[in-house]
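1. sequence plus predicted model, see below.
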Amino acid sequence: MNDNAPRPDDRRIPVTVLTGFLGAGKTTLLNHLVRQPRMEGCAVLINEFGEVAVDHHLVEKVDETLIVLDSGCLCCSVRGDLVRALKGLFMRALRRELKSLRRVLIETTGLADPAPLIHTLMAEPFLAERYRIDGVVAAVDVTHALAQLAVHNEAVRQVAMADRLLLTKCDLADAAARAAVAARLALLNPGARQVDVRGGAVAAAELFDCGLYDAAGKAPDVTAWLGEAAVHGALPVPGGEAVSRHGGGVHSFVLRFDAPLPWYEFSDALALLLQLHGGRILRIKGLLDVAGDPLPRVLQCVQHSVYPAASLPAWPSQPPYDERCSRLVFIVRDLARDEVAAMLAAFIGQQPATPG
Ligand SMILES: Nc1nc2c(ncn2[C@@H]2O[C@H](COP(=O)(O)OP(=O)(O)OP(=O)(O)O)[C@@H](O)[C@H]2O)c(=O)[nH]1
């Protein structure tokens, strides 16, 4: 038995926090998890950074226990939403409106600092009495991790605070590259078990039963970060908005194209965009309306990499995608929307609509 195992009479609902930098493969992991028997009775909360949420359309779980928190990043502005969502789930289970509520899995945004989230779960009185953290699990993309860890403090915190590290995209990296990432992770977090993942396939057991969250077993910085989260709380500012913790020129925008996209011209534009600016493009994802294709095509890019485009079985019926136009969510560092828009427009002969 794990040293941090909860007491046998601890009836609180276990919560797994699934974190990991932008595009690390969290949603892909989730899609493998939701099909497994151990996920029976598991509510899933998905938080996205960006004005238009995409991920929940990519997860094959459509019921009332899939909740999207899309009004901002959990670590900055939507902690109130998280508290409300977890309270709401608990009350619905109590009233027997849910078949069961055995566990919760929270997928954070790729830019989330886990500290405020962990603090909220452990310190908010209603939640702390009814839920317990069962593990912070970080997905780490072995093909991009070294570059991301060198530049983005969020990526370092996600790794350092984790109980388990899932090394994703091992199918795309050679043994030397994977070993270099594993060595870097072992320095940042020597106590966390590392698990290799290919194509997102992971057993639920690899994420669950990490035991009660214990900062003492991690780098000394982790205790300090949790202390900061306790002191700063939700960082309110005049006007009611919370302060965004994501500095360094990182921002998000959406490009919407109303007419169907010519696929080859679009692919050429994208290739050039990533060649010129891939270092500053942290993430692109979206659903595309491609000329001649009745199904929405899913576009996924991380830095210079484009992943094979897949199609969804149908256009989503919820707004905004029920309009059946192309929407691309960009998360970039020091790159202007207009520059990206102009480059794409020059190839596809179509200006993006305003607003996205
Ligand atoms: N070959 C391969 N591709 C993967 C693997 N894991 C994820 N991908 C691809 O990487 C891209 C990004 O994966 P997502 O699961 O959307 O990543 P994410 O962490 O949810 O992204 P954000 O929520 O935007 O931070 C997708 O095109 C996935 O198909 C893997 O293990 N192997």
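-> Thanks, I have it. Numbering: from 1, shown residues only.

2. neighbours of residue 219, how many?
-> Neighbourhood size, residue 219 [other C-beta atoms under 10 Å]: 18. Yep, even glycine has a C-beta here, placed from its N, CA and C like the rest.

3. can I assume residue 348 is in contact with residue 258?
-> No: if you go by C-beta atoms under 8 Å, residue 348 and residue 258 don't touch, sitting 11.8 Å apart.

4. tell me which of these two has more neighbours.
-> More crowded of residue 348 and residue 258, by other C-beta under 10 Å: residue 348, with 23 against 13.

5. distance of the more buried one relative to residue 284?
-> Distance of residue 348 to residue 284, given as C-beta to C-beta, to the nearest Å: 15 Å.

6. what does residue 137 give?
-> 25 Å.

7. which one's more surrounded, these two?
-> Neighbours were counted for residue 137 and for residue 284 using other C-beta under 10 Å; residue 137 has more, 26 against 23.

8. can you map out the strands along the protein?
-> Per DSSP state E, the chain carries strands over the ranges 13-20, 42-47, 66-69, 103-107, 131-141, 164-168, 193-196, 250-257, 281-288, 297-302, 305-306, 310-311, 326-333.

9. looking at these, which is nearest to residue 221?
-> Proximity to residue 221 (C-beta to C-beta) singles out strand 131-141 among the strands of the chain, at 14.4 Å.

10. partners of the closest one, with directions?
-> The pairing partners recorded for strand 131-141 under DSSP bridges are strand 13-20 (parallel), strand 164-168 (parallel).

11. would you mind listing what in the stretch 51-200 of the chain touches the ligand?
-> Proximity of the stretch 51-200 of the chain to the ligand, by C-beta under 6 Å from any ligand atom, involves residues 55, 110, 139, 168, 169, 171, 172, 197, 198, 199, 200.

12. so, low pLDDT: which residues of the stretch 201-350 of the chain?
-> Counting by pLDDT under 70, the stretch 201-350 of the chain shows low-confidence ranges at 232-248.

13. who's in contact with residue 157?
-> 113, 114, 115, 225 (C-beta atoms under 8 Å, 6 or more residues apart in numbering).

14. then residue 268?
-> Residue 268 makes contact with residue 347 under the criterion C-beta under 8 Å, 6+ apart.

15. and it, how far from the ligand?
-> 20 Å (C-beta to the nearest ligand atom, to the nearest Å).

16. and stretch 320-333 with the ligand, contact?
-> No: using C-beta under 6 Å from any ligand atom, stretch 320-333 stays clear of the ligand, coming no nearer than 7.4 Å.

17. before we move on, the earlier item: which among the residues of the stretch 51-200 of the chain next to the ligand count as buried?
-> 55, 110, 139, 168, 169, 172, 197, 200 (16 or more other C-beta atoms under 10 Å).

18. ramachandran coordinates for the second one?
-> To tie it back to what came earlier, the one meant is residue 110. Residue 110 has phi and psi values of phi -70, psi -20 when expressed as degrees, to the nearest 10.

19. can you count the residues close to the residue nearest to it when sequence neighbours are not counted?
-> Leaving aside its chain neighbours, residue 110 sits nearest to residue 22 (3.2 Å; criterion: C-beta to C-beta, 6 or more residues apart in numbering). Using other C-beta under 10 Å, residue 22 has 25 neighbouring residues.

20. tell me the pLDDT at residue 22?
-> pLDDT for residue 22: 94.

21. list the contacts of it.
-> 49, 109, 110, 111, 282, 283, 302, 331.

22. which of those residues sits closest to the ligand?
-> Checking the contacts of residue 22 against the ligand by C-beta to the nearest ligand atom gives residue 110 as the nearest, at 2.9 Å.

23. ok, the closest one touching residue 27?
-> No: counting by C-beta under 8 Å, residue 110 stays clear of residue 27, with 10.1 Å between them.

24. near the residue nearest to residue 345 when sequence neighbours are not counted, how many other residues are there?
-> Leaving aside its chain neighbours, residue 345 sits nearest to residue 351 (5.0 Å; criterion: C-beta to C-beta, 6+ apart). Counted with other C-beta under 10 Å, residues neighbouring residue 351 total 13.
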